[in-house]
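K.L.:
With the sequence up front, the predicted model follows.
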There are 2 protein chains.
Amino acid sequence: MSRFPADSVGLVTPQRQAFTEPLPLACGKALAQYELVYETYGSLNSAGDNAVLICHALSGHHHAAGYHSIEERKPGWWDACIGPGKAIDTNRFFVVSLNNLGGCHGSTGPSSIDPATGKAYGASFPVMTVEDWVNSQARLADVLGIGQWAAVVGGSLGGMQALQWAISYPERLRHCVAIATAPKLSAQNIAFNEVARQAIITDPDFHNGDYAAFGVIPKRGLMLARMVGHITYLSDDSMGEKFGRELRNDQLNYDFNSVEFQVESYLRYQGQEFSGRFDANTYLLMTKALDYFDPAAAHAGNLAKTFEQLQAQCLIMSFTTDWRFSPARSREIVDALLAARKPVSYLEIEAAQGHDAFLLPIPRYIDAFSSYMNRIEVSP
Amino acid sequence: MSRFPADSVGLVTPQRQAFTEPLPLACGKALAQYELVYETYGSLNSAGDNAVLICHALSGHHHAAGYHSIEERKPGWWDACIGPGKAIDTNRFFVVSLNNLGGCHGSTGPSSIDPATGKAYGASFPVMTVEDWVNSQARLADVLGIGQWAAVVGGSLGGMQALQWAISYPERLRHCVAIATAPKLSAQNIAFNEVARQAIITDPDFHNGDYAAFGVIPKRGLMLARMVGHITYLSDDSMGEKFGRELRNDQLNYDFNSVEFQVESYLRYQGQEFSGRFDANTYLLMTKALDYFDPAAAHAGNLAKTFEQLQAQCLIMSFTTDWRFSPARSREIVDALLAARKPVSYLEIEAAQGHDAFLLPIPRYIDAFSSYMNRIEVSP
């Protein structure tokens, strides 16, 4: 353990929880049985009031902090914010981080075996919504003996889950931290998702989602989906700073087969690497969950009305160069919370890194996040 | 002819011009012989000083105004700006509009027969640059007896050609009108192009560009390329106004096969329609020409220095919600022209339509464009 940084949660071991009571879903179907894989960091206090739930974004998973082995080179995806003395301080909080249903990192999803058929679910795995996820997370909380979260926290699609928790289970969380998110997708957001989906669906290796039966994966489609997604995670400025128009070689080749600019090889690498480790059906499912999220729809588009039942205090944060979910989208949430007369803190953070900023150790962001989390009261 | 609107140039017939002198290209190769297809509107005056060249953008062509037949439902792509009494007034100007080399609308391009082999050029068609196009356009001007253009005009990639004309042939144009363009692509612009190219190249029907020999076309790739391109042509706001989150049917289907939102079916339609009428190799070529455009590179990135040789007066116009080539990109051009002490007019037009605004009859845009063009002196 001495190899890990002092502010790391160190070695962590994923845990599994099986559920046998059917989970009714927004699509009208139900999952008869399912498993969730999760990790925890820190200790649940005797009062049980120091638990924090981490909700992951599109390509995220349960491994949010620490290391799975001493060989692992990179820690969990949100290690910048979770650990002893960090914004989500594991000296104070008991942190729970799970892989959502429909995922491809251990929780039941399209590549799991459907007990009813003995084959992978594939295309038959039901569509998931943010509400469905929150319901499944509530059941995990029940199992873990967590009646009320000190906070539910997430960025991007994870922020939507945090908001949905506050709406669906108002009495089960004291704080809701929603970062770099939106109250619903814009037409442009949906359009980018649709490009990604079409890339996957039209890949001849997709086989209507049952590619596992054919022993192939739709790598081309997944690569393209990731490439287009990746562009939306970075700001124009940060791409410019990172790559500019830097050439891959000393001079231009002027042909169709060469990679001329660094940004091209970076994107191709990102796409190819992703296509080897992520499941195509899960990608479709995650983008659909994003599209469907629209909690105000239940109140004819009135978000303030939707927030009336909230009991949690909210922290909303956005980043200036995020053009996927811009500060204006966070302000929609803040304005609705204010209209509903709910307690809300809002911070717009100057950051060049675009949407990805929420994953990065940006000082002002970390300071504000830490300060807020440190003010959350927990029993000794 | 009475069926056409009064301010239309009416029925037009494309013309062809063959060139037999080899055209040396930036890539080091040369085109031994080639043809250009073009249209003209209005009449060249006896002084030969009223000619205006229209340069087209990525998916454009020679048919910029009027109708090819009385059955044609839609006029040429820039009919909003070209015609009697319009911004480019055909009562005053002799307008020339061509399909660029490498195109797929009649000029020599990848789908043309290579006389050296008797087969379609396909992947062997050379890479074109904006400079190459301008050189080929200068030869067309020679044939048409146009020693000096009253103006060279274009939007987007067309604007780059207008700028390159002013740089390459300073004495051969009096005015340069560059609309919704940039002095070079940003890393993000290149990234979007690379996604489009990868979509085409990884389509199994692409066959390394020689799909014609296989009797197929990479429709899936072209569809995806157009979808992602299309998103960058529209502003987030205009997509929102056009589609919002409007459902295609009355209610959500919650499955992976349904089109849930109007914006999805719109994008799919745009992509599919495009994939049936545009050539994949041409698409690759056009995006490469965009990537390569960087006239300041010849002067170590100093755009003002590049502009020192200019003799043309410039009109630069941009649109507030254009995020493909934002107003900031136009201001880079303006600032460099000012630093080079060149006469320049600049207008940033408030418009919700994003990059596509340059094609649309937006009153303030049309008024300013008309006013500038009307001040260009031509012999009676």
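P.N.:
All right, it came through fine. Residues are numbered from 1 along each chain as shown, chains lettered A, B, ... in the order given.

K.L.:
Identify the residue of the stretch 51-200 of chain A closest to chain B, quick one.
P.N.:
Among the residues of the stretch 51-200 of chain A, A:Ala187 lies closest to chain B, at 4.0 Å counting by CB to the nearest CB. In short, each C-beta sits where N, CA and C put it, glycine included.

K.L.:
Look at that residue and say how many residues are nearby.
P.N.:
25 (other CB atoms under 10 Å in any protein chain shown).

K.L.:
May I have the residues that are in contact with it?
P.N.:
The contact partners of A:Ala187, by CB atoms under 8 Å, 6 or more residues apart in numbering or on different chains, come to B:Asp236, B:Met239, B:Gly240, B:Lys242, B:Phe243, B:Gly244, B:Arg245, B:Phe261, B:Val263.

K.L.:
6 Å instead?
P.N.:
B:Met239, B:Gly240, B:Phe243, B:Val263 (CB atoms under 6 Å, 6 or more residues apart in numbering or on different chains).

K.L.:
Now do the strand or helix carrying A:Met317: distance to the chain's middle.
P.N.:
Assigned by DSSP states H and E, A:Met317 belongs to strand A:313-319. Centroid separation for strand A:313-319 versus its chain: 16 Å, with CA atoms, centre = their mean, to the nearest Å.

K.L.:
Contacts made by that strand with the rest, please.
P.N.:
A:175-180, A:327, A:330, A:333-334, A:337, A:343-349, A:351, A:357, A:372.

K.L.:
what's around the residue nearest to A:Leu23 when sequence neighbours are not counted, how many residues?
P.N.:
Computed as CB to CB, 6 or more residues apart in numbering or on different chains, the closest residue to A:Leu23 that is not its neighbour in sequence is A:Leu31, at 4.6 Å. Other residues lying near A:Leu31 total 20 when counted by other CB under 10 Å.

K.L.:
With A:Leu247 instead?
P.N.:
Using other CB under 10 Å, A:Leu247 has 13 neighbouring residues.

K.L.:
ok, now the one 5 residues further on?
P.N.:
Residues contacting A:Leu252 under the criterion other CB under 10 Å number 19.

K.L.:
how close does the closest residue to it other than its chain neighbours get to B:Tyr292?
P.N.:
Residue nearest to A:Leu252 in three dimensions, not counting chain neighbours: A:Glu260, with 5.8 Å by CB to CB, 6+ apart. The gap separating A:Glu260 from B:Tyr292 is 8 Å, by CB to CB, to the nearest Å.

K.L.:
Would you mind measuring from whichever residue of the stretch 151-300 of chain A sits closest to chain B to A:Leu185?
P.N.:
Scanning the stretch 151-300 of chain A for proximity to chain B using CB to the nearest CB identifies A:Tyr254 as nearest, at 3.4 Å. Separation of A:Tyr254 from A:Leu185 (CB to CB): 40 Å.

K.L.:
out of these two, which sits in the busier spot?
P.N.:
Between A:Tyr254 and A:Leu185, A:Leu185 has the larger neighbour count (other CB under 10 Å), namely 24 against 18.

K.L.:
Any chance you could list what contacts stretch A:87-101?
P.N.:
Where contact means CB under 6 Å, 6+ apart, the residues beyond stretch A:87-101 that reach it are A:9, A:36-44, A:50-54, A:61-62, A:64, A:81-84, A:105-107, A:128, A:133, A:136, A:366, A:369-370, A:373, A:378.

K.L.:
Among these, which ones are in helices?
P.N.:
Counting by DSSP state H, the contacts of stretch A:87-101 place A:Trp133, A:Ser136, A:Ile366, A:Phe369, A:Ser370, A:Met373 in helices.

K.L.:
Switch the residues you listed over to JSON lines; also include distance to chain B, neighbour count and pLDDT.
P.N.:
Compiled in JSON lines, the ones in helices among the contacts of stretch A:87-101 are given as follows (distance: CB to the nearest CB, whole Å; neighbours: other CB atoms under 10 Å in any protein chain shown; pLDDT from 0 to 100):
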{"residue": "A:Trp133", "distance to chain B": "14", "neighbour count": "24", "pLDDT": "98"}
{"residue": "A:Ser136", "distance to chain B": "16", "neighbour count": "23", "pLDDT": "98"}
{"residue": "A:Ile366", "distance to chain B": "27", "neighbour count": "16", "pLDDT": "97"}
{"residue": "A:Phe369", "distance to chain B": "27", "neighbour count": "24", "pLDDT": "98"}
{"residue": "A:Ser370", "distance to chain B": "32", "neighbour count": "16", "pLDDT": "98"}
{"residue": "A:Met373", "distance to chain B": "32", "neighbour count": "22", "pLDDT": "98"}
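
K.L.:
List just the nearest of these to A:Thr13.
P.N.:
For the ones in helices among the contacts of stretch A:87-101, the minimum distance to A:Thr13 (CB to CB) is 21.3 Å, reached by A:Ser136.

K.L.:
give me phi/psi at the closest residue to the closest one other than its chain neighbours?
P.N.:
Of all residues not flanking A:Ser136 in the chain, A:Leu101 sits nearest, at 5.2 Å (CB to CB, 6+ apart). Phi and psi for A:Leu101, reported as degrees, to the nearest 10, are phi -60, psi 140.
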